[in-house]
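*Asks:* Got a predicted model here, sequence first, then my questions.
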Amino acid sequence: MASNQPPSRPASVRIDEEKKLEDGMSRARDSALSEGTFYQSQVSGKPIRKHFFSPPDGALAEAVNLDADNVDFTLEEEKAVRRKIDMRVLTLVVASYIFNQFDRTNIGNAHVIKKFNENFGITNNNKWTLALSIFYVGYCLLEMPANVLQRHIGANRFFFLSLLFWGLSSLSFVYAKGYAGLLVLRVLLGIGEAGYYAGMIYYLSFWYKRSELALRISLCMTGTLPGAIGGLLAFGLVRIQTPVLTGWQFLFLIEAIPTIIMAFMILLFLPSFPFSSSFLTPREKAIAQARLNRDHRPQSHGGMSGWQGFKAIVND
């Protein structure tokens with residue numbers, strides 16, 4: 001009985017055809033990887049988030065990581081990518097930290113103004129000390145939950161919410177009255193700033209190698225220097241008197257509004273991760289991720305257990 005199936009091809013022919021197909025796919029893959037777009041292009045155009053509080057797109061992150069595993073780059077290319085990261089990421093982080101220091105220290109500058117103390121009923125040092133200390137109630141209670149939120153929604157949305165919240169809290173001082181109102185606003189200001197500093201350090205680790213972090217963190221700390229300007233600003237503003245606002249109110253107003261504007265700049269221009277950045281090309285994203293992957297590989301601890309490592313740190 002004759003078979004209806006077509007005659008099978010010799011095994012050598014099938015192997016040769018499969019090899020040609022694999023070679024063709026490999027060449028196409030290598031060509032795409034040379035541009036850093038092979039895996040990323042397969043997920044491009046998809047929505048990164050469903051809503052504001054949804055986590056970043058895992059498919060895009062995986063695609064960039066696959067590109068990073070296969071990309072080759074020179075030292076000059078790595079330096080060029082790092083310069084671009086400095087110009088965008090580090091600049092925005094330092095700027096936001098400057099506004100953080102302005103909004104945190106403006107109450108000290110306002111305290112020297114008599115009308116500020118009269119408005120909020122600060123009649124003795126005990127009331128003033130409590131007003132300063134109560135800031136840390138919200139700050140300490142929400143610092144850990146704030147960093148969990150940052151991990152879930154990404155740094156740009158977390159920093160946006162943080163700057164917006166403490167900017168609005170600082171702005172509310174302009175129209176608040178009474179000692180109770182002062183305490184409430186100080187707690188809210190602490191809530192807004194909770195997790196910001198730790199989140200900033202954590203965020204920078206997404207962009208820089210361990211050998212690069214110390215310098216970048218030091219540059220961020222220079223954001224405390226403009227806080228000295230706040231005293232000079234207060235000295236000038238205290239003399240402003242209008243039918244609507246007085247000097248200390250202008251101090252909070254002028255320092256709060258730029259913070260709120262900065263919050264929206266963070267949301268629009270600060271990417272949470274290299275894979276979600278718009279200022280890097282696909283190849284630059286792969287390079288940015290590759291250099292971190294290679295730098296963050298697990299290090300040998302000489303066979304020490306976790307407890308042994310802890311004792312070694314304590315005894316050091």
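*Replies:* Cool, got the structure.
*Asks:* quick one: buried residues of the helix or strand where residue 146 lies?
*Replies:* In this assignment (DSSP states H and E), residue 146 forms part of helix 135-153. Along helix 135-153, the positions that meet the burial threshold by neighbour count (16 or more other C-beta atoms under 10 Å) are 135, 138, 139, 142, 143, 146, 147, 149, 150, 153. C-betas here are computed from N, CA, C, even on glycine.
*Asks:* Just want the most central residue of this protein.
*Replies:* If you average the C-alpha coordinates of the chain and look for the closest C-alpha using C-alpha atoms, centre = their mean, you land on residue 155, 3.7 Å from that point.
*Asks:* Just the pLDDT for it.
*Replies:* At residue 155 the predicted local distance difference test score is 93.
*Asks:* Next up, the contacts around it.
*Replies:* Contact partners of residue 155, counting by C-beta atoms under 8 Å, 6 or more residues apart in numbering, are 199, 203, 206, 270, 272, 273.
*Asks:* can you do 7 Å?
*Replies:* Counting by C-beta atoms under 7 Å, 6 or more residues apart in numbering, residue 155 touches 199, 203, 270, 272.
*Asks:* so where's the stretch 51-200 of the chain uncertain?
*Replies:* Along the stretch 51-200 of the chain, the parts satisfying pLDDT under 70 run over 51-55, 57.
*Asks:* and with 90 instead?
*Replies:* For the stretch 51-200 of the chain, the stretches flagged by pLDDT under 90 are 51-72, 100-106, 108-115.
*Asks:* all helices of it, in order?
*Replies:* Secondary structure of the stretch 51-200 of the chain (DSSP state H, counting those that start in this stretch): helices at 58-70, 75-85, 91-110, 114-120, 125-133, 135-153, 155-172, 179-193, 196-204.
*Asks:* who touches the third one?
*Replies:* What it means is helix 91-110. The contact list for helix 91-110, computed with C-beta under 7 Å, 6+ apart, reads 116, 159, 163, 166-167, 170, 193, 196, 200, 204, 219-220, 223-224, 226-227, 230-231, 234, 248, 251-252, 255-256, 258-259, 262, 266, 269-270.
*Asks:* if we go to 8 Å?
*Replies:* With C-beta under 8 Å, 6+ apart as the contact definition, helix 91-110 has outside contacts at 116, 131-132, 159, 163, 166-167, 170, 173, 186, 189, 193, 196-197, 200, 203-204, 219-220, 222-224, 226-227, 230-231, 233-234, 248, 251-252, 255-256, 258-259, 262, 265-266, 269-270.
*Asks:* And for the last one?
*Replies:* Defining contact as C-beta under 8 Å, 6+ apart, one finds that helix 196-204 is touched by 89-90, 93, 96-97, 100, 143, 146-147, 150, 155, 158-159, 162, 213, 216-217, 220, 272.
*Asks:* angle of it against helix 135-153?
*Replies:* Helix 196-204 and helix 135-153 meet at an angle of 30 degrees, taking axes from the mean of the first three to the mean of the last three C-alpha atoms, to 10 degrees as the criterion.
*Asks:* got the angle between helix 196-204 and helix 155-172?
*Replies:* Between the axis of helix 196-204 and that of helix 155-172 there is an angle of 160 degrees, by the same axes, to 10 degrees.
*Asks:* what inclination does helix 196-204 have with respect to helix 75-85?
*Replies:* If you take the same axes, to 10 degrees, helix 196-204 sits at 150 degrees to helix 75-85.
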